[in-house]
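Novice: show me how the following folds:
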Amino acid sequence: MARALEAASGQQRDLLVAALNIGSLIVHLETPSPDTKPLAENEAAPYLTRLYNNYAAELEGRDFRVEGRGDQAMQERGYAAAGRPGAVRLLVRLHTGDLLVVERAPMLLQRLVARFAIIGGAATVILLLVLLYCIRAVVLPARHLAQATRDLAVDINTPDLPATGATEIGQLAVAFNNMKHTIRGLMNERTRMLAAIAHDCRTYLTRLRLRVDFIDDPQQHARAIRDLDDMSLLLDDTLVFARETTAAGDRPPERCDVVAELASLTRIRQEIGEPVTLETPTAERLDARCAPLALRRMLANLTDNALRYGKTAELGALREGNTIRLSIADRGPGIPGDELERILKPFERLEPSRSRQTGGAGLGLAIVSALAKSQGGELKIENRSEGGLCAILSLPAAD
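Specialist: Numbers count the residues shown, from 1 in each chain. You can find the predicted model right below:
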């Protein structure tokens, strides 16, 4: 290139430079300005020195320099060539005094690296949009489904899930809603069936009660009357339990002062001579979100249990965060630890008989547990360290 450009005339030189720029090189000529510094010797590593010696032999003694793109000399000259130049250029001083500049045209990989920031930024934005869509279409509906499943265990009347999100998630929500409606229908049908059975049984109990009057033996007459009364109470307890397990969420929220209810219950029980004491650590109001009638039924059942098995009943209440905790404790023999959960199930009793005198049919605690759940609370039974049993009734506080 140096020999050809030195031998060519002005017009031919321009045509020759244009022809040389067609390939993978960028070639142009410059006329050095008066203040252009001479091309100094290269200060390089040994292997570059050997490389540059080959350059010197080929260039037949012409002055040359290899510059990196970050070199100060390269920045000062500010060379402008067709297209973006590469990272290294060769400068050769021709015998005509002109400066030959040779650069390699940027390759595809260099172009991609140069555009990496733009491509990477665009890919990051696209990836974030995809992740947001996945969260909206899959993660959030799945979280709502999990919460609805937990709510279903407490309230069968929870609202239906919206069929939103991905197609499969929407289909799962529809299946969940259908399952909930089926379960609710079965539970309502069970309650109606029990009510019908109880109605028919009461008809027969009434007939038996009339026939009992023809029993001449006074002892047998009294036993028959007591058995019929127990059967009637058992039917009542069964219906209450069935209604409360299906009525969660049907009633509007109410509030009541649990301290006032405990004081009223204690006063009534003490008037009839029962050993019931109130040990509430505070005299201020403790309002719970609970129907007053439901609270009275729960307290009455738990107090009866404490008196029946522990001979005494110690009532108390306190607030812990957003929860009101009521305690009904006795000083009886307690219950083995592995039996504490079993006694909350319907028709479960530690004492095998079903006599009302020894505790009934085993529905008292089950009814209290069902009532507590219908009010958004729960019932737990614990053994006391000092002996006896303690029933803890937790209810949501009313703000």
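
Novice: what's the burial count for Asn177?
Specialist: Neighbourhood size, Asn177 [other C-beta atoms under 10 Å]: 17. The C-beta positions use only the backbone N, C-alpha and C, and glycine is treated the same way.

Novice: double-check that it belongs to a helix.
Specialist: Yes: read with DSSP: H, G, I helix; E, B strand; the rest coil, Asn177 is one of the residues of a helix.

Novice: tell me who's in contact with it.
Specialist: Taking C-beta atoms under 8 Å, 6 or more residues apart in numbering, we find Asn177 in contact with Asp160, Leu161.

Novice: show me where pLDDT drops low in this structure?
Specialist: Flagging of the chain using pLDDT under 70 yields the residue ranges 23, 33-46, 68-87, 105-115, 154, 237-253, 281-283, 346-363.

Novice: swap in 50 and give it another go.
Specialist: 71-84, 250, 352-358, 360-361 (pLDDT under 50).

Novice: spatially central, which residue of it would that be?
Specialist: Centroid check for the chain by C-alpha atoms, centre = their mean gives Arg143 as the closest residue, at 5.4 Å.

Novice: helix or strand: which one has that residue?
Specialist: helix 140-154 (DSSP states H and E).

Novice: helices or strands up against that helix?
Specialist: Secondary-structure packing of helix 140-154 (3 or more C-beta pairs under 8 Å, 6 or more residues apart in numbering; DSSP states H and E): helix 167-212.

Novice: ok now the helix it packs on, how far from the chain's centre?
Specialist: Centre-to-centre, helix 167-212 and its host chain are 33 Å apart (C-alpha atoms, centre = their mean, to the nearest Å).

Novice: distance of Ala163 relative to Arg297?
Specialist: 39 Å (C-beta to C-beta, to the nearest Å).

Novice: equivalent analysis for Ala8, please.
Specialist: 113 Å.

Novice: Leu186 now?
Specialist: Leu186 is 25 Å from Arg297, by C-beta to C-beta.

Novice: which one of those two is surrounded by more residues?
Specialist: Higher neighbour count among Leu186 and Arg297: Arg297, with 16 against 11, using other C-beta under 10 Å.

Novice: contacting residues for the more buried one?
Specialist: With C-beta under 8 Å, 6+ apart, Arg297 has these contacts: Ile367, Val368, Leu371.

Novice: I'd like to know how many residues surround Cys256.
Specialist: 21.

Novice: also His28?
Specialist: 17.

Novice: wait, a helix at it?
Specialist: No: going by three-state DSSP, the assignment for His28 is strand, not a helix.

Novice: ranges for the helices of the stretch 201-350 of the chain?
Specialist: Per DSSP state H, counting those that start in this stretch, the stretch 201-350 of the chain carries helices over the ranges 218-246, 258-271, 292-310.

Novice: JSON lines for these, including distance to Val212?
Specialist: Shown next, in JSON lines, are these (distance: least, C-beta to C-beta, whole Å):
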{"stretch": "helix 218-246", "distance to Val212": "5"}
{"stretch": "helix 258-271", "distance to Val212": "32"}
{"stretch": "helix 292-310", "distance to Val212": "27"}
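
Novice: ok, back up a step: mind listing residues that contact the helix holding Arg143?
Specialist: 158, 161, 164-166, 169-170, 172-173, 176, 180, 248, 373, 376.

Novice: kindly report the same for stretch 254-267.
Specialist: 276-278, 280, 282-292, 295-296, 299-300, 303, 315-317, 324, 326, 395, 398.

Novice: buried residues in it, which are they?
Specialist: Residues of stretch 254-267 classed as buried by neighbour count (16 or more other C-beta atoms under 10 Å): Cys256, Asp257, Val258, Val259, Glu261, Leu262, Leu265, Thr266.

Novice: against Met298, how distant is the first one?
Specialist: Applying C-beta to C-beta, the value for Cys256 to Met298 is 12 Å.

Novice: now the fourth one
Specialist: Taking C-beta to C-beta as the measure, Val259 falls 15 Å from Met298.

Novice: what of the fifth one?
Specialist: Using C-beta to C-beta, we find Glu261 at a distance of 10 Å from Met298.

Novice: domain-wise, how is this structure divided?
Specialist: 2-113, 182-246, 256-396 (automatic domain parsing).

Novice: can I get those in a markdown table with distance to Ile135?
Specialist: Converted to a markdown table, those look like this (distance: least, C-beta to C-beta, whole Å):
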| stretch | distance to Ile135 |
| --- | --- |
| domain 2-113 | 31 |
| domain 182-246 | 30 |
| domain 256-396 | 30 |
